[in-house]
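Asker: Sequence and predicted model, in that order:
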Amino acid sequence: MLTTLRAQRERVTVTMLDPWYNKGIGGERPDYHDWLAEVIAAAARISDHVFVWGFPEIVARQLDRLPPTHPLQAWLTWYFKNCPSVIRGWRSAQNACLHLARPDARLYPEHFLNDAQREKQRQGKLRYLPGPPSVIEAALIIGFIGRREQQGHPSQKPEKAIEPLLEMTTVPDDTVLDPMCGSGTTGAVCQRLGRRALLCDMDEKYVQMTERRLGVTRTGR
Ligand SMILES: C[S@@+](CC[C@H](N)C(=O)[O-])C[C@H]1O[C@@H](n2cnc3c(N)ncnc32)[C@H](O)[C@@H]1O
């Protein structure tokens with residue numbers, strides 16, 4: 001998909017990369033780090049912003065090989081308290097997300113202002129623009145938590161974890177690409193925020209899951 005979009009000279013504002021993590025569900029591949037670096041480079045060629053999700057110790061391996069056109073803007077952390085791990089030792093409570101962007105890519109911290117701050121801004125009295133925190137707290141969708149969102153994908157992200165990334169980087173009608181969309185969470189957030197979304201997944205059952213969730217049908221096979 002990334003190659004096709006480039007060949008067609010299509011550009012997107014954001015590419016969301018949430019692949020399997022080379023650990024746990026989805027298994028491991030010996031060339032994972034090289035493969036991911038190639039995917040990131042391909043995404044960077046067509047996007048202003050690229051987000052890369054994964055376990056911290058795994059995405060950290062990309063930091064020395066980021067595309068020079070898209071330096072690191074922020075290391076984001078998704079923090080959740082409700083992982084029911086039974087392993088002895090530290091209980092997993094975070095995922096990482098690298099925010100990469102072209103130096104001239106737009107950011108919209110003003111989308112996070114509350115009413116009082118917006119009023120101050122209108123009056124020219126807001127001395128600085130307070131950005132949102134780089135740690136995003138959102139419960140894992142599991143058991144009774146997030147029942148209404150649950151689609152049955154084994155690694156579904158909560159919409160609350162994706163929404164701030166799109167609020168920070170897009171305005172209505174911007175296009176967001178998620179080439180490994182899983183249950184379609186990026187698409188669901190785009191629908192709510194009025195952004196366009198291009199979605200695909202290599203697994204037929206997740207494409208069908210996304211179609212059901214968003215009430216859309218694919219454009220091709
Ligand atoms: C971590 S899940 C994504 C979850 C998704 N963000 C959500 O909230 O539902 C990873 C997805 O990437 C898909 N995937 C992995 N490698 C892929 C590839 N090379 N091309 C397309 N999809 C891929 C898998 O089928 C899986 O659904």
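Answerer: That came in fine, so what should we check first?
Asker: Torsion angles phi and psi at Trp78?
Answerer: Note on Trp78: its backbone torsions stand at phi -100, psi 120 [degrees, to the nearest 10].
Asker: Dig out what it forms beta bridges with.
Answerer: Applying DSSP bridges to Trp78 yields these beta-bridge partners: Asn95, Ile136.
Asker: I'd like to know how many residues surround it.
Answerer: 22 (other C-beta atoms under 10 Å). C-beta coordinates here come from the backbone N, C-alpha and C atoms, glycine included.
Asker: what does the one 10 residues further on give?
Answerer: Here the count is done by other C-beta under 10 Å, and Arg88 has 6 residues near it.
Asker: do the same with the one 10 residues further on
Answerer: Using other C-beta under 10 Å, Leu98 has 22 neighbouring residues.
Asker: Low-confidence stretches in this protein?
Answerer: 221 (pLDDT under 70).
Asker: Quick check: Tyr206 is in a helix.
Answerer: Yes: using DSSP: H, G, I helix; E, B strand; the rest coil, the assignment for Tyr206 is a helix.
Asker: hang on, isn't it packed against His153?
Answerer: Yes: Tyr206 lies in contact with His153 (C-beta atoms under 8 Å); the separation is 6.3 Å.
Asker: so what sits against both of these two?
Answerer: Listed as contacting both Tyr206 and His153 by C-beta atoms under 8 Å, 6 or more residues apart in numbering are 182-183.
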